[in-house]
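S.K.: I'd like to go over a predicted model; first the sequence, then the structure.
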Amino acid sequence: MTALLRLSAIALVLMGSLLLRRSHAAEVRVASREELIRALQAAAPGTTIRIAPGDYRGGISQAGLHGLRDAPIVIAAEDANSPPVIEGGSFGFQFSSPEHLELRDLTILAARDNGLNIDDSGSVDMAARNIKLRGLVVREIGPDGNCDGIKLSGVDGFRIEDCRFEAWGGSGSAIDMVGCRQGVVIGCRFANARSANATGVQTKGGSSDIAIQRCRFEQAGGRAVNAGGSTGLAYFRPRDATYEAKDITVEDCEFLGGEAAIAFVGVDGAIVRHNTIYRPGRWAVRILQENTDPRFVACRNGQFRKNVVVFHADEMRQAVNVGPDTQPESFVFADNAWHCLDRPGDTPRLVRTLSPKIDDGWLGDPGLSAPEEGDLSIAKREPDDPGVRNPRAQSPR
């Protein structure tokens, strides 16, 4: 009888929890900044806030938005074809220590500092968790200084999908991560960084287990992807991290222009594979160490595999630029395709001259479809095409 009573009590608790979640589930339509702020303050697990088309002044912040795994808090456009515009302010939105939060189909425009801030309230014990961002447009941020399109600090578990970034701060990043973990950036487009001091996606400050997939970078600054970086010791998450970044993957992406496509910077393990790099301005790849505190490992254990690099001899200074205090001997370059557009016959010599370490793949035209028109897909090649040794040259993916 006691066991039966105990089971009945558990069932009542579970039923009460389910009813509580359902009572919290609500869809709220807002059409003014004031209504949006009130809706954020009242949001509970399962709340969806639909923002009507129109312009809304930025500088909107909210702490402690806590959804549940099966009942997230969602902030979304009422009409995805006519997204609301969050304009101006020091930032568009700032969310501190949220959990199970989703943002969809919003435009963030002309913030002075960062477009979207998601952080852990400055405490490693209050991480932001399980964040999804989809269909956001973030542009005209800054314009000068370290101004980011999206700034993530201490975020554990996130997905950024089908977002577009254009014209972020002159020395900022389209997406800047400090001490973030278990994240995916997928299907996003980054275009027209304000200067060569800007970066596209940056993972630093102890960030780990981050994948950047199927993204397109067009003139995305000095480093389209900065796997690592340089972070003040007080800002690391975890505090005792011995690396700027660890276990970073960049795959199936396209890079057009910019000074360098990939920079490994104080990273302890990263894989770059199945990407197409077209006309890098100075380097295809950089291996650097910028944080030289004794506790940090030297930049090491990177892999660059099955990529296509098409370059101009009068533009690219080196295929791979190696800085001091690194471990370039721990890096692997394998099965890549290299092609010099303006001096194709000299491709083997130029690649070896630019970086003697590279002699790892196929040297010849990979057959990009229409690169000057922005189409970097690889046209089908006949299997018996002489000189084709790199599987990456046979297929774009």
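M.R.: That came in fine, so what should we check first?

S.K.: what mean pLDDT does stretch 117-133 have?
M.R.: Mean pLDDT, stretch 117-133: 95.

S.K.: tell me which residues in it are buried?
M.R.: 117-121, 126-133 (16 or more other C-beta atoms under 10 Å). Yep, even glycine has a C-beta here, placed from its N, CA and C like the rest.

S.K.: if we look at it, which residues are touching it?
M.R.: Under the criterion C-beta atoms under 8 Å, 6 or more residues apart in numbering, residues 63, 69, 72, 91, 93-104, 116, 150-161, 163, 179, 237-239 lie in contact with stretch 117-133.

S.K.: And the helices in this protein?
M.R.: Applying DSSP state H to the chain gives helices spanning 2-24, 33-42, 347-354.

S.K.: And the contacts of stretch 117-133, which of them are buried?
M.R.: Of these, these count as buried by 16+ other C-beta under 10 Å: 72, 91, 93-104, 116, 150-161, 163, 179, 237.

S.K.: Stretch 198-210: end-to-end distance?
M.R.: In stretch 198-210, first residue to last residue: 20 Å (C-alpha to C-alpha, to the nearest Å).

S.K.: now do stretch 211-224
M.R.: Terminal-residue distance, stretch 211-224 (C-alpha to C-alpha): 14 Å.

S.K.: centre of the chain versus that stretch, how much separation?
M.R.: Stretch 211-224 sits 8 Å away from the centroid of its parent chain (C-alpha atoms, centre = their mean, to the nearest Å).

S.K.: So which bits of that stretch are buried?
M.R.: Within stretch 211-224, judged by 16+ other C-beta under 10 Å, the buried ones are 211-224.

S.K.: what does stretch 317-330 give?
M.R.: Residues of stretch 317-330 classed as buried by neighbour count (16+ other C-beta under 10 Å): 318-322, 326-328.

S.K.: contacts for that stretch?
M.R.: Residues outside stretch 317-330 that contact it (C-beta under 8 Å, 6+ apart): 260, 282-289, 292, 298-302, 309, 311, 333, 338, 351, 354-355, 357-358.

S.K.: Could I have the buried ones of those residues as ChimeraX selection syntax?
M.R.: In ChimeraX, a selection of the buried entries from the contacts of stretch 317-330 looks like this (16+ other C-beta under 10 Å):
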select :260,283,284,285,286,287,288,289,298,299,300,301,302,309,311,333,338,351,354,355,358
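
S.K.: bridging residues for Arg29?
M.R.: Taking DSSP bridges, one finds Arg50 as the beta-bridge partners of Arg29.

S.K.: Same question for Thr203.
M.R.: Here Thr203, judged by DSSP bridges, has bridge partners Met177, Ala227.

S.K.: Around Glu140, how many other residues sit close by?
M.R.: Per other C-beta atoms under 10 Å, the neighbour tally for Glu140 reads 16.

S.K.: Ala71 now?
M.R.: Neighbourhood size, Ala71 [other C-beta under 10 Å]: 17.

S.K.: I figured Ala31 was touching Arg50, is that so?
M.R.: No - using C-beta atoms under 8 Å as the test, Ala31 is too far from Arg50 to be in contact (9.5 Å).

S.K.: Settle it for me: which of these two has more neighbours?
M.R.: More neighbours surround Arg50 than the other of Ala31 and Arg50, with 18 against 15 (other C-beta under 10 Å).

S.K.: Tell me the spacing between that one and Asp209.
M.R.: In this view, Arg50 and Asp209 are 33 Å apart by C-beta to C-beta, to the nearest Å.

S.K.: now swap in Arg300 and tell me
M.R.: Taking C-beta to C-beta, one finds Arg300 at 17 Å from Asp209.

S.K.: same question, Cys340
M.R.: 36 Å.

S.K.: quick one: which of these two has more around it?
M.R.: Between Cys340 and Asp209, counted using other C-beta under 10 Å, the more crowded position is Cys340 (24 against 17).

S.K.: Just the pLDDT at the more buried one, thanks.
M.R.: Per-residue confidence (pLDDT) for Cys340: 92.

S.K.: OK, contacts around it?
M.R.: Contact analysis of Cys340 by C-beta under 8 Å, 6+ apart lists 311-313, 346-347, 350-351.
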